[in-house]
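Undergrad: With the input below, show me the fold.
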Amino acid sequence: MSGPLSHIRVLDLSRIMAGPWSTQILADLGADVIKIERPEDGDDTRAWGPPFLKDKDGKPTRESGYYLSVNRGKRSVTIDLSSAQGQETVRKIAAQSDIVLENFKVGTLARYGLDYAALKAVKPDIIYCSITGFGQTGPKRDAAAYDFMIQAMGGLMSVTGERDDRPGGGPQKVGVPIVDIMTGMYATVAILAALARRAETGEGECIDIAMLDVQTAILANQAMNYLVSGREPRRTGNRHPNIQPQDVFKCADGHLVLAVGNDSQFQRFAAAIGHPELAEDPRYATNKARVDNLPDLLGILQARLGQKPLAYWLEILEREGVPSGPINTVPMVFADEQVRHRGLLKDLPHAVAGTVPLVTSPIRLANAPLAFNRPPPLLGEHTDEVFRQLGLTPPA
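TA: Residues are numbered from 1 along each chain as shown. Predicted coordinates:
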């Protein structure tokens, strides 16, 4: 392995999405991530299909697309955490690790002797990160959580989707498990901060990350819009609540996403569509004025943009430096010349399928480049290898 964390070992006791997303980032950065899974069943997401990866004969394997999306770069070891032998084995792996990440319900690992206090006893400078739905404290600390319900409880669905009075109106979840992903991102940031501090002080850390905390934090501008105005944010479909024009417009043969971000961009945009007078009109000359007079402005823009095909507008707006783009499907994303140039899709050798296509990390480091050479592991694929490497007795 290469990368800036090639000197770090991670004991991954997590499953599903948020924890594995974090440990996959650490693996991308070069860390040796040892993923502990239940014998026979493994991570729940292995069964979250279809679709499933197909083997060399075209038959479905046990590797779901969901599982494959968050487990590249890791080594899978099967251990029964409910057994005394399994618990002792995990403690021995922790003693040779730098980081432990887990997402069990509050109190579960304490019963197994695998909580922070227990693992700190065998590795005093361990960095221990716990991910839960609601955190280690508070009235909901014992409750289970999934991304969908936290999107709802954390306010995201109240500001996502079309207005109630329009076709298709009503609350919507984001099309990817964004709370899981952002929880994994925050966990990674906290772990890296703890690593940096440990390098200075020699002291480990106990990190408490809650999905509801994360979702509340990433309400971002919508939260502050409410806090400074007292007005409850509403669903506005594709319209940006603070910056205009930013919306989806119907062209003669498709749809254009327009993302004008400031007044100078609006001036260039107005000239490009043949209406330079809009940028001089006091109703539209500033962003505040455009937001205040949005219905009239959108009517003018829709009438003009609907007269020409999408390709026509994309060419003109790109030439004028006006942020805009098409609404690509997922296949179109992977066919995009920029995405292909950046190497975001890579085929890796796979023991059962021959090869497996994977989306690589977006991180690019000049002096410690990332390497992608280990596919998501088969269940228990590395049990014997890890036990030999760490000098442990294989499970009975």
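Undergrad: mind checking the backbone torsions on the spatially most central residue of the chain?
TA: Nearest residue to the geometric centre of the chain (Cα atoms, centre = their mean): I181, 2.8 Å. Main-chain dihedrals, I181, degrees, to the nearest 10: phi -60, psi -50.
Undergrad: mind listing the strands for this structure?
TA: Secondary structure of the chain (DSSP state E): strands at 9-13, 32-37, 52-54, 60-64, 74-78, 99-102, 127-132, 205-210, 246-250, 255-259, 324-326, 345-350, 354-359.
Undergrad: For the fourth one, buried residues please.
TA: The reference is to strand 60-64. Buried residues in strand 60-64, defined by neighbour count with 16 or more other Cβ atoms under 10 Å: T61, R62, E63, S64. Every residue, glycine included, has its C-beta placed from N, CA and C.
Undergrad: Rebuild the residues you listed as CSV, extending it with pLDDT and distance to T160.
TA: Formatted as CSV, these follow (pLDDT from 0 to 100; distance: Cβ to Cβ, whole Å):
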residue, pLDDT, distance to T160
T61, 94, 34
R62, 91, 34
E63, 95, 31
S64, 98, 26
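Undergrad: if we can go back for a sec, thinking the residue nearest to the centre of the chain is in contact with W21, fair?
TA: Yes - I181 lies in contact with W21 (Cβ atoms under 8 Å); the separation is 5.6 Å.
Undergrad: In a markdown table, list the buried residues of strand 60-64 along with distance to Q96.
TA: Shown next, in a markdown table, are the buried residues of strand 60-64 (distance: Cβ to Cβ, whole Å):
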| residue | distance to Q96 |
| --- | --- |
| T61 | 31 |
| R62 | 29 |
| E63 | 28 |
| S64 | 31 |
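Undergrad: which of these lies closest to H382?
TA: E63 (15.0 Å; Cβ to Cβ).
Undergrad: And for that closest one, nearest residue in space, chain neighbours not counted?
TA: Nearest residue to E63, sequence neighbours excluded (Cβ to Cβ, 6 or more residues apart in numbering): L53, at 4.3 Å.
Undergrad: what about A196, how many neighbours?
TA: By the criterion of other Cβ atoms under 10 Å, A196 has 10 neighbours.
Undergrad: circling back: can I get the strands of the chain in CSV with distance to R234?
TA: Formatted as CSV, those follow (distance: least, Cβ to Cβ, whole Å):
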stretch, distance to R234
strand 9-13, 40
strand 32-37, 42
strand 52-54, 40
strand 60-64, 37
strand 74-78, 42
strand 99-102, 37
strand 127-132, 31
strand 205-210, 27
strand 246-250, 15
strand 255-259, 21
strand 324-326, 25
strand 345-350, 38
strand 354-359, 34
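Undergrad: Mind checking those strands for the one nearest to V339?
TA: Per Cβ to Cβ, nearest to V339 of the strands of the chain: strand 345-350, 7.2 Å.
Undergrad: what's that closest one in contact with?
TA: Applying Cβ atoms under 8 Å, 6 or more residues apart in numbering, the contact partners of strand 345-350 are 53, 72, 334, 339, 355-360, 372-375.
Undergrad: Could you pick out the buried ones from these?
TA: In the contacts of strand 345-350, the ones that pass as buried (16+ other Cβ under 10 Å) are L53, R72, V356, L358, T360, F372, R374, P375.
Undergrad: Just read off the phi/psi values of the second one.
TA: Its backbone dihedrals place R72 at phi -70, psi 150, with angles given as degrees, to the nearest 10.
Undergrad: my guess is it meets A27, correct?
TA: Yes - taking Cβ under 8 Å as the definition, R72 is a contact partner of A27 at 6.7 Å.
Undergrad: Which neighbours do the two have in common?
TA: Contacts common to R72 and A27, judged by Cβ under 8 Å, 6+ apart, are R374.
Undergrad: CA atoms of stretch 13-30 as PDB?
TA: The C-alpha coordinates for stretch 13-30 follow below in PDB (Å, rounded to 0.1, in the frame of the first residue of the first chain):
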ATOM      1  CA  LEU A  13     -15.800  -2.900  13.500                       C
ATOM      2  CA  SER A  14     -18.300  -1.000  11.500                       C
ATOM      3  CA  ARG A  15     -20.900  -2.000   8.900                       C
ATOM      4  CA  ILE A  16     -23.600  -0.600   6.700                       C
ATOM      5  CA  MET A  17     -22.600   2.800   5.300                       C
ATOM      6  CA  ALA A  18     -21.400   5.600   7.600                       C
ATOM      7  CA  GLY A  19     -18.500   3.700   9.300                       C
ATOM      8  CA  PRO A  20     -17.400   1.900   6.200                       C
ATOM      9  CA  TRP A  21     -17.400   5.100   4.200                       C
ATOM     10  CA  SER A  22     -14.900   6.600   6.700                       C
ATOM     11  CA  THR A  23     -12.700   3.500   6.800                       C
ATOM     12  CA  GLN A  24     -12.700   3.400   2.900                       C
ATOM     13  CA  ILE A  25     -11.400   6.900   2.900                       C
ATOM     14  CA  LEU A  26      -8.600   5.900   5.300                       C
ATOM     15  CA  ALA A  27      -7.900   2.800   3.100                       C
ATOM     16  CA  ASP A  28      -7.700   5.100   0.000                       C
ATOM     17  CA  LEU A  29      -5.200   7.200   1.900                       C
ATOM     18  CA  GLY A  30      -3.000   4.100   2.400                       C
END
